[in-house]
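1. Show me how the following folds:
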Amino acid sequence: MEHYNLIKPEDLGKGSTIKLDVSIAEVDIYWKVAIEVLTVIAENNKKGEPTVMVVPYGPLGPYFRLAELVNKYRISLKNCVFINMDEYLKDDKTYLDKTDALSFRGGMDRIFYNVVDEELNVLPENRIFPDPEHPEKVMEIIEKYGKLDMVFGGVGINGHYAFNEPPEADEICDNEEFANRPTRVLKISRETRTINAYMNCGADLNAIPEYCITVGMKEMMMAKKVIMIMPRDWNAGALRKILHGEITAKVPCSLFRNHKDATIYTLTEATKCPIPEIRVYNK
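-> Purely as a prediction, here's the structure:
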């Protein structure tokens with residue numbers, strides 16, 4: 001089989017069960033995702049049904065567009081339940097303060113909930129974050145509504161989704177066990193902390209918390225639709241592994257090749273071969 005790093009950009013996604021949507025500009029990705037999210041909500045509103053979604057804090061781009069579309073076209077979010085994917089934790093495994101610049105809970109207020117017109121907004125009681133003291137509540141909410149309409153969010157540098165980090169090298173874990181890991185507290189990998197520090201803290205690794213709580217792959221595999229957002233050039237390596245590499249817990253998003261409706265939205269820059277051909281080895 002051809003090594004995934006030798007596949008031409010125009011051939012990426014062919015033969016993969018994950019759909020691939022490529023945009024020239026990063027902003028186009030965010031508009032597309034915002035429209036997808038709003039379409040699901042509008043369809044459920046029309047049917048008189050609630051909308052239950054697992055949503056990210058980042059990337060932030062879709063939220064600015066989603067808020068604008070909601071306000072302009074008067075699409076009500078009153079019947080929505082938004083479950084955030086994850087949140088940073090202090091060393092004592094409690095939430096960061098909402099006033100902390102890195103807090104996802106505070107960030108969601110600033111970039112979305114405080115921007116949407118109040119008469120259209122998600123009800124405060126339906127703005128859910130996974131709770132480190134009661135991680136089981138996420139599954140209880142999904143079971144209460146009997147569905148999870150969509151999950152959308154960014155993909156990490158090691159192919160993780162939310163903070164579902166790949167197993168450590170000495171950890172015994174098969175794909176099935178990993179895919180069934182529920183919402184939980186865990187330690188963030190050094191790779192993830194490094195790229196997050198680069199993106200958010202001027203590359204100050206010590207500024208990024210070591211712990212988090214994350215919605216598990218178990219819950220997200222239950223979604224009717226999975227959207228992965230890969231808007232950076234440094235997504236190139238993980239993109240090819242997810243689409244065409246081994247299906248493995250070592251690249252968590254590759255497990256979505258077993259999902260019935262998964263799509264990646266990415267940038268042209270991320271489709272380029274990440275390694276010069278001379279350095280690619282078929283082992």
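2. all helices of the protein, in order?
-> 26-47, 61-73, 104-108, 137-145, 175-179, 190-200, 217-220, 236-244 (DSSP state H).
3. who does the fifth one touch, helix- and strand-wise?
-> With contacts taken as 3 or more Cβ pairs under 8 Å, 6 or more residues apart in numbering; DSSP states H and E, helix 175-179 sits against helix 217-220. Just so you know, the C-beta spots here come from the backbone N, C-alpha and C atoms, and that holds for glycine as well.
4. swap in the shortest one?
-> Contact analysis of helix 217-220 by 3+ Cβ pairs under 8 Å, 6+ apart lists helix 137-145, helix 175-179 as its packing neighbours.
5. rerun that using 10 Å as the cut-off
-> helix 137-145, strand 150-154, helix 175-179 (3 or more Cβ pairs under 10 Å, 6 or more residues apart in numbering; DSSP states H and E).
6. Just the CA atoms of that helix, as CSV, please.
-> Extracted C-alpha coordinates of helix 217-220, given in CSV (Å, rounded to 0.1, in the frame of the first residue of the first chain):
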residue,chain,number,x,y,z
MET,A,217,-14.5,9.0,22.7
LYS,A,218,-17.3,6.8,23.9
GLU,A,219,-19.8,9.7,24.0
MET,A,220,-18.5,11.3,20.8
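7. hmm, who's touching that helix?
-> Identification of contacts with helix 217-220 by Cβ atoms under 10 Å, 6 or more residues apart in numbering yields 54, 83, 85, 130, 138-139, 141-142, 148, 151, 153, 160-162, 164, 175, 178-184, 214, 226, 249, 252-253, 255-256, 259.
8. if we can go back for a sec, so which of the helices and strands packed on helix 217-220 comes closest to residue 199?
-> Nearest of these to residue 199, taken as Cβ to Cβ: strand 150-154 at 10.2 Å.
9. picking up where we left off before, I'd like the helices of the chain as TSV, with distance to residue 116 and mean neighbour count appended.
-> Compiled in TSV, the helices of the chain are given as follows (distance: least, Cβ to Cβ, whole Å; neighbours: other Cβ atoms under 10 Å):
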stretch	distance to residue 116	mean neighbour count
helix 26-47	12	17
helix 61-73	5	19
helix 104-108	11	20
helix 137-145	21	16
helix 175-179	34	15
helix 190-200	24	16
helix 217-220	24	22
helix 236-244	32	24
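10. There's contact between residue 92 and residue 210 in this structure, I believe.
-> No - the criterion here is Cβ atoms under 10 Å, and residue 92 misses it with residue 210 at 11.4 Å.
11. Appreciated, that's everything.
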